[in-house]
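S.K.: Sharing a model prediction with you, sequence too.
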Amino acid sequence: MTPNRVLFSFSTLLLTVVVLGCEPPATPPASETSVEHADDHGHDHDHGHDHSSHGPHDGELVELGNEYHAEIVHDEAAGTVTVYILDGAAKAQVPIEAAEIALNLLQDGQPSQHKLPAGPDVSDPEGKSSRFISSDADLVDALHQEGVEAKLVVSIDGKSYRGSVVHDHDHEHGHVD
């Protein structure tokens, strides 16, 4: 081989390595991306559905994967916390077979769990509920405290869903059902 041909071959090889080595990494296929992203990661999410931060009952929304949302409504006058299970668009109530759901709290380093029993809405079919209600004064109070971490735990069709409850402390209270 002539020196020019060797130099040309080497240059071509080097250029190929540089070009291939500089390509951005491929985006993983949808099957490899995480489905569990209900928790707040410190950034805004856009999951392909359009909804505000409040649900149809003017409560705060909690993402439960891509399939469901929950809406938490505080009725301070009645001393209750009501959780509605909603569809992925956070618009329609979804009745589920659960007899209760749970809110796990971490307050001042102390964990506690509060069960919300089913309180079927008038349109829910027999044996299912889209609404869960608690009149636990400790729960109602804790959800309004700064620094309390709350996670909603719901089982739907045998699958467990968890979502972080984020309460906006910069607004007027008095949500009603």
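M.R.: Everything's here; your move.

S.K.: and whatever helix or strand residue 113 lives in, which residues are buried?
M.R.: Per DSSP states H and E: residue 113 is located in strand 110-117. For strand 110-117, a neighbour-count test (16 or more other Cβ atoms under 10 Å) marks 114, 116 as buried. Just so you know, the C-beta spots here come from the backbone N, C-alpha and C atoms, and that holds for glycine as well.

S.K.: Point out the other helices and strands that it packs with.
M.R.: Judged by 3 or more Cβ pairs under 8 Å, 6 or more residues apart in numbering; DSSP states H and E, strand 110-117 is in contact with strand 100-107, strand 131-134, helix 137-142.

S.K.: Can you verify my assumption that residue 83 contacts residue 70?
M.R.: Yes: under the criterion of Cβ atoms under 8 Å, residue 83 makes contact with residue 70 at 5.3 Å.

S.K.: Overlap in contacts, these two.
M.R.: Among the neighbours of residue 83, those also in contact with residue 70 (Cβ atoms under 8 Å, 6 or more residues apart in numbering) are residue 152.

S.K.: Settle it for me: which of these two has more neighbours?
M.R.: Each of residue 83 and residue 70 has its neighbours counted (other Cβ atoms under 10 Å); residue 70 has more, 26 against 23.

S.K.: List the contacts of the closest residue in space to the more buried one that isn't next to it in sequence.
M.R.: Nearest residue to residue 70, sequence neighbours excluded (Cβ to Cβ, 6 or more residues apart in numbering): residue 62, at 4.4 Å. Taking Cβ under 8 Å, 6+ apart as the contact definition, residue 62 lies against 38, 69, 70, 71, 72, 152, 163, 164, 165, 166.

S.K.: want to throw those residues into a markdown table with pLDDT, secondary structure and distance to residue 55?
M.R.: Below are the contacts of residue 62 laid out as a markdown table (pLDDT from 0 to 100; DSSP: H, G, I helix; E, B strand; the rest coil; distance: Cβ to Cβ, whole Å):
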| residue | pLDDT | secondary structure | distance to residue 55 |
| --- | --- | --- | --- |
| 38 | 37 | coil | 15 |
| 69 | 97 | strand | 7 |
| 70 | 97 | strand | 8 |
| 71 | 97 | strand | 3 |
| 72 | 96 | strand | 8 |
| 152 | 97 | strand | 13 |
| 163 | 96 | strand | 13 |
| 164 | 94 | strand | 16 |
| 165 | 91 | strand | 13 |
| 166 | 83 | coil | 13 |
